[in-house]
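Peer 1: I would like the atomic coordinates for the input below:
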Amino acid sequence: MTTGPERDGKLPLTELQEMTSRGDPIVMVTAYDFPSGRLADAAGMDIVLVGDSAAMTILGHSTTVPATMEEMLMLTRAVTRGARRPIVVADMPFGSFQVSDEDALRNAIRFVKDAAADAVKLEGAGPSLSRVVALVGAGIPVMGHIGLTPQSATMLGGFRAQGRTAEKARRLLDEAIALEEAGCFALVLEAVPAPVAARISETLVIPTIGIGSGAECDGQVLVLHDLLGLYEGRSPRFAKRYADIGGDIRSALERFGAEVRSGAFPAEEHTYAMPEEELEAFLNGSPSGSRAESRTET
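Peer 2: Numbering: from 1, shown residues only. Below is the predicted model:
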């Protein structure tokens, strides 16, 4: 049984547009290492995003801002080894594209050349538009991201929904159109009111990927640690939990600790034996330089 569209090898970027035309929802999930990339592949995900949310979910920061290029490159390399069929998109961390088009291009090339990413993702519009043009012009596919953009959450008034007034909603629509015209192949809409996201999705030709933006987007994405119950920080209201892996891990660790302290682990089946004659020779012998000899000499 397949859980996504059947395909041989890597899913081409052009398939995303075809899926949208057919009305087939696009499924995207974050992943940060080889095992999660491999599992996302096996589960039939269409896109795997190596998100800078890793700064919060696995590196312990309170925001996404501290994620570095070297950290994101390392995580992307691991994911691409496991996610063979999905499109792997690398999140460009804060500071990697804000300074100039040249800086953005240099760092994007590293993601593609050194970490085998299929595409990169940039937050925001405005100054990011020229970055998109530069990257696409160099042959690097770019996914856009508007609405709640975590790297600039402080300027947006915190982690809250965006586009909740007519003026701000129109601005989001204008930004979406501008990013499409700049060359983005898809657009993430985060924490945008559902009617606004629906209007944007209806207007654009490229697919929209929603996260907390309603069911009318062309696809949906969730953070892996949110949907698995692995992240113990405050999760947004749109993060649906599909499992409680964190609780299972904690329970397993507690049982392990209890068994070690009680002597129940390791049992005989968890240990290795040796031939009796070798054991006897070992126990009866006293190798030169042994601790026993040292104690006798003193």
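Peer 1: could I get the pLDDT score of residue 3?
Peer 2: You'll see residue 3 listed with a pLDDT of 42.
Peer 1: er, residue 88 I mean
Peer 2: pLDDT recorded at residue 88 is 98.
Peer 1: the helix or strand where it lies pairs with which strands, parallel or anti?
Peer 2: Residue 88 is part of strand 87-91 when elements are defined by DSSP states H and E. Next to strand 87-91 in the sheet, as set by DSSP bridges, lie strand 47-50 (parallel), strand 119-121 (parallel).
Peer 1: I'd like to know how many residues surround the closest residue to residue 259 other than its chain neighbours.
Peer 2: What sits nearest to residue 259 in space, not counting adjacent residues and going by C-beta to C-beta, 6 or more residues apart in numbering, is residue 265, at 3.8 Å. C-beta coordinates here come from the backbone N, C-alpha and C atoms, glycine included. Residue 265: 13 surrounding residues under other C-beta atoms under 10 Å.
Peer 1: what do you get for residue 249?
Peer 2: 12.
Peer 1: helices of the stretch 151-298 of the chain, start to end?
Peer 2: For the stretch 151-298 of the chain, applying DSSP state H, counting those that start in this stretch gives helices covering 166-182, 194-203, 224-228, 245-262, 276-284, 291-297.
Peer 1: which elements pack onto whichever strand or helix holds residue 109?
Peer 2: Element membership for residue 109, per DSSP H and E: helix 101-115. On a contact count with 3 or more C-beta pairs under 8 Å, 6 or more residues apart in numbering; DSSP states H and E, helix 101-115 meets helix 69-82, strand 119-121, helix 128-137.
Peer 1: okay, the ones you listed in CSV with mean pLDDT next?
Peer 2: Shown next, in CSV, are the helices and strands packed on helix 101-115 (pLDDT from 0 to 100):
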stretch, mean pLDDT
helix 69-82, 97
strand 119-121, 98
helix 128-137, 96
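Peer 1: between these, which one is nearest to residue 283?
Peer 2: helix 69-82 (45.5 Å; C-beta to C-beta).
Peer 1: hmm, who's touching that closest one?
Peer 2: By C-beta atoms under 8 Å, 6 or more residues apart in numbering, the surrounding residues in contact with helix 69-82 are 31-41, 48, 50, 52, 54-55, 59, 88, 90-93, 95-96, 107, 110-111, 114-117.
Peer 1: ok, now stretch 118-129?
Peer 2: By C-beta under 8 Å, 6+ apart, stretch 118-129 touches 10, 13, 49, 87-92, 97-98, 104, 108, 111-112, 131-132, 135, 140-146, 149-152, 175-176, 178-179, 182, 185, 188.
Peer 1: mind checking which of these are buried?
Peer 2: 49, 87-92, 97-98, 104, 108, 111-112, 131-132, 135, 140-146, 149-151, 175-176, 178-179, 182, 185, 188 (16 or more other C-beta atoms under 10 Å).
Peer 1: if we can go back for a sec, tilt between the helix holding residue 109 and helix 128-137?
Peer 2: Following axes from the mean of the first three to the mean of the last three C-alpha atoms, to 10 degrees, one obtains 50 degrees for the angle between helix 101-115 and helix 128-137.
Peer 1: if we look at helix 101-115, which residues are touching it?
Peer 2: Contacting residues not belonging to helix 101-115 are listed as 69, 72-73, 76-77, 80, 90, 92, 96-97, 117-118, 120, 122, 130-131, 133-135, 138, 140 [C-beta under 8 Å, 6+ apart].
Peer 1: what are the buried residues along that helix?
Peer 2: For helix 101-115, a neighbour-count test (16+ other C-beta under 10 Å) marks 101, 104-105, 107-108, 110-112, 115 as buried.
Peer 1: which one of the residues you listed is nearest residue 192?
Peer 2: Out of the buried residues of helix 101-115, the member with the shortest distance to residue 192 (by C-beta to C-beta) is residue 104, at 24.4 Å.
Peer 1: where does the closest one land on pLDDT?
Peer 2: 97.
Peer 1: before we move on, what about residue 158?
Peer 2: Note for residue 158: predicted pLDDT of 51.
Peer 1: can you check the one 4 residues further on too?
Peer 2: pLDDT recorded at residue 162 is 80.
Peer 1: what bridges to the nearest residue to it once chain neighbours are set aside?
Peer 2: Once flanking residues are discounted, residue 162 sits nearest to residue 147: 4.7 Å by C-beta to C-beta, 6+ apart. Going by DSSP bridges, residue 147 is paired in beta bridges with residue 190.
Peer 1: quick one: residue 147 and residue 192 touch, right?
Peer 2: Yes. Between residue 147 and residue 192 there is a contact under C-beta atoms under 8 Å: 4.2 Å.
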